[in-house]
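Novice: here you go, sequence then predicted model.
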Amino acid sequence: MTAVQTQKSPWLFGAVPDLLFGCGGLYAGIALLFAIDGGVLLRAVPPLVPGLLIAFLSAPHYGATLLRVYERRADRRAYFLFSVVVTCGLIALFGLALFDAFVGSILVTVYLTWSGWHYSGQNYGIASMFLRRRGLAPSAGVRRLLYASFGFSFLVVFLVLHEAVSVGGGASEGFVALGIPASWNAWLVPGSLALYALTTGASLGLLARAAGGVATLGPTAALMGTQALWLMLPYAAYHFGWFQRVAPLGFDTRAAVFTWIAAAHAVQYLWITSFYERASGRWRGQGAYYARALGAGTALWVLPAVVFAPGIASYDLGFTLLLSSTINLHHFVLDGAIWKLRHLKIARVLIADGGGEEGTSWVPRRFARVFWAFAGLALVLKLHNLSERYVVFPQALRARDLPAAAASLDRQGWLGKATAFQHQVVAERMDDAGQLEGAIGQYERSAELTAQVENLAPLAMAYGRAADAAGFMRSCDRLFALGEVERPLPTPPIAHAWAALPADFRAACVRTAHREYAKAKRPAPSRNDPAMGRDGEPLPIGSYD
């Protein structure tokens, strides 16, 4: 390993912004606050705040990739395999998954597994960039040790995530763990941690020796700490049962905390893509770049929902989760292709502060105008949806205006954002208030989104109280078809009148529904539950809009 001549500056934007936004220092401070008093500050965060983080940080970071790959003709041609061929393949898989839950499960599983590696790869790439900007040219062996440090930290996540009993951490319907036996992980996880510690210590030691001290390694060491705090430590803590009352490490709070990790990852991405974009010859300021990234990213999430979500009557995995899996896999593939320091164009900008590509062709103006018009419409729809989810719907529930709450869910459904649990909450409250017709409608909508005992059992009982024979028989059949509820009696021939239904079938179905509903009923929602404004589908790894 040798030292090379230091470039113009060892930083991109300066020490403070680079350490805060690029090296994860801002999230470290937030995690420290969340660790106080068992996560009291985390629980005090209004549901609107995570929604805004996703909308105005995560969405633009996807948009930044679209701008990087599709805006310049030269880039579109250079990455044709990924920007066109792989993209078309993923779109085809998404369309197939809408009708085939097995394909959907594959997409979700690959997405959740790859997410941790995507975060790890970004941290490793930036850590390597800072070494090069500081005049260090690590040997191949040292580079492999540094890479192994990030790799072994991800391996801990992989092993725990794919254990025979999945870690959960929120609704993860569709995720299929590989089923690694716990007895194997009892050895594999500690072994991976030991290798992580060994490679981390060895790489830092060799780098410090070449640099003549540890001060030069500050950003790289900070990113290694960020990698551990984001991924490795929470999963290792879960495996060993340690520090589960510490909010940033406990899995009871993992879904809520990960929104902030995803936001930190997005800020990190926007930080480095902004620097790269300044060398493009089209730089018009940070505000203009952010607006373009926000528009492109919002369109990516909103427009497919406008096209597909209103027509999706039922999908067990959840439309939002399926769309998220497809978009994130597309993002992972593109990022893996476009951000490699061994590419001279990337190295010239990120390491040597070189010039960009002023002579490249951009998207024709007529197409650009159409796209940005759709992006503006998508942003308006997104803002409307945010107001519905985090203002209108919660206020209607608090005011006990249940028809208004149901109408809000219908409007949220335009973008596929209303969840089965939210419809279930409204249905139960309508049922308690004697609004039987409205309750049946909400139970039906909940069952269309996710058919489960919690909504099918009360739906059958509600149809029974309404003396609706056809609805009662249909809901009983759906309840028994789940495979987890034993059918007490065969379904009788179709009856058009309640009195025509055999009394023993009516009694057996109602009794079974009561019993199963009592076993499966969820606890009452709190102010931070999905029914009060959250997405309802938090994930242990990954982010989605």
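Specialist: Alright, I've got the coordinates. Numbering: from 1, shown residues only.

Novice: next helix or strand past the lowest-mean-pLDDT helix or strand in the chain?
Specialist: Taking all helices and strands of the chain together, the one with the lowest average confidence (mean pLDDT, DSSP states H and E) is strand 2-3, at a mean of 47. The C-terminal neighbour of strand 2-3 among helices and strands, as given by DSSP states H and E, is helix 15-17.

Novice: by contact count, what packs against that next one?
Specialist: Other elements packing on helix 15-17 under the criterion 3 or more C-beta pairs under 8 Å, 6 or more residues apart in numbering; DSSP states H and E are absent; no helix or strand qualifies. C-beta here means a position set from N, CA and C on the backbone, and glycine is covered the same way.

Novice: run the chain-centre distance for it.
Specialist: In terms of C-alpha atoms, centre = their mean, to the nearest Å, the centre of helix 15-17 is set 28 Å apart from its chain centre.

Novice: wait, Ala337 touches Tyr79, no?
Specialist: Yes. Distance between Ala337 and Tyr79: 5.5 Å, which falls inside the contact criterion (C-beta atoms under 8 Å).

Novice: where does the stretch 101-250 of the chain dip in pLDDT?
Specialist: 165-173 (pLDDT under 70).

Novice: all strands of the stretch 51-200 of the chain, in order?
Specialist: 136-137 (DSSP state E, counting those that start in this stretch).

Novice: for it, just list every one of the helices.
Specialist: Secondary structure of the stretch 51-200 of the chain (DSSP state H, counting those that start in this stretch): helices at 59-70, 73-78, 80, 87-97, 101-133, 140-161, 182-211.

Novice: do the same with the stretch 201-350 of the chain
Specialist: Per DSSP H, counting those that start in this stretch, the stretch 201-350 of the chain carries helices over the ranges 218-227, 233-240, 254-278, 286-308, 319-338, 344-350.

Novice: Ala127 and Arg134: what is the separation?
Specialist: Between Ala127 and Arg134 the distance is 11 Å, computed by C-beta to C-beta, to the nearest Å.

Novice: quick revisit: can you put the helices of the stretch 51-200 of the chain in JSON lines and add mean neighbour count and distance to Arg369?
Specialist: As requested, these are arranged in JSON lines below (neighbours: other C-beta atoms under 10 Å; distance: least, C-beta to C-beta, whole Å):
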{"stretch": "helix 59-70", "mean neighbour count": "23", "distance to Arg369": "15"}
{"stretch": "helix 73-78", "mean neighbour count": "14", "distance to Arg369": "17"}
{"stretch": "helix 80", "mean neighbour count": "11", "distance to Arg369": "24"}
{"stretch": "helix 87-97", "mean neighbour count": "15", "distance to Arg369": "22"}
{"stretch": "helix 101-133", "mean neighbour count": "21", "distance to Arg369": "33"}
{"stretch": "helix 140-161", "mean neighbour count": "21", "distance to Arg369": "42"}
{"stretch": "helix 182-211", "mean neighbour count": "16", "distance to Arg369": "49"}
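
Novice: closest to Glu428 out of these?
Specialist: For these, distance to Glu428 was read as C-beta to C-beta. The smallest value, 26.8 Å, belongs to helix 101-133.

Novice: tell me how many other residues crowd the spatially closest residue to Phe13 that is not a sequence neighbour.
Specialist: Nearest residue to Phe13 in three dimensions, chain neighbours excluded: Phe275, at 6.9 Å (C-beta to C-beta, 6 or more residues apart in numbering). Phe275 is surrounded by 16 other residues when neighbours are defined as other C-beta atoms under 10 Å.

Novice: thinking Phe275 is in contact with Pro17, fair?
Specialist: No. Applying C-beta under 8 Å as the test, Phe275 and Pro17 come out as separate, 10.3 Å apart.

Novice: what about Leu231, how many neighbours?
Specialist: 24.

Novice: excluding chain neighbours, what is closest to it?
Specialist: Counting by C-beta to C-beta, 6+ apart, Val157 is the residue found nearest to Leu231 once chain neighbours are left out, at 5.1 Å.

Novice: make sure that neighbour is actually in contact with Leu233.
Specialist: No. Taking contact to mean C-beta under 8 Å, the distance of 10.1 Å between Val157 and Leu233 leaves them out of contact.

Novice: low-confidence ranges, the stretch 301-450 of the chain, go.
Specialist: 309-317, 353-364.

Novice: for Leu155, what are its contacts?
Specialist: Applying C-beta atoms under 8 Å, 6 or more residues apart in numbering, one finds that Leu155 lies in contact with Ser192, Tyr196.

Novice: please redo it, this time with the cut-off set to 7 Å
Specialist: The neighbourhood of Leu155, defined by C-beta atoms under 7 Å, 6 or more residues apart in numbering, consists of Ser192.

Novice: ok, Ala44 to Asp37 distance?
Specialist: Relative to Asp37, and taking C-beta to C-beta, Ala44 is found at 10 Å.

Novice: actually, Leu12.
Specialist: Distance of Leu12 to Asp37, given as C-beta to C-beta: 36 Å.

Novice: the more surrounded of these two?
Specialist: In this view Leu12 and Asp37 are compared by other C-beta under 10 Å, and Leu12 has more residues nearby, 22 against 10.

Novice: make sure Asn123 is actually in contact with Leu223.
Specialist: Yes. Between Asn123 and Leu223 there is a contact under C-beta atoms under 7 Å: 5.0 Å.

Novice: so how many other residues sit close to Pro493?
Specialist: The burial count assigned to Pro493 is 8, neighbours taken as other C-beta under 10 Å.

Novice: wasn't it part of a helix?
Specialist: No. Membership of Pro493 in a helix is not supported by DSSP: H, G, I helix; E, B strand; the rest coil, which gives coil.

Novice: next, give phi and psi for it.
Specialist: With angles defined as degrees, to the nearest 10, Pro493 shows backbone torsions of phi -60, psi 160.

Novice: got it, and the one 4 residues further on?
Specialist: With angles defined as degrees, to the nearest 10, Ala497 shows backbone torsions of phi -130, psi 140.

Novice: which residues does it contact?
Specialist: Counting by C-beta under 7 Å, 6+ apart, Ala497 touches Ala469.

Novice: and it, what pLDDT?
Specialist: Reading off the per-residue confidence, Ala497 sits at a pLDDT of 80.
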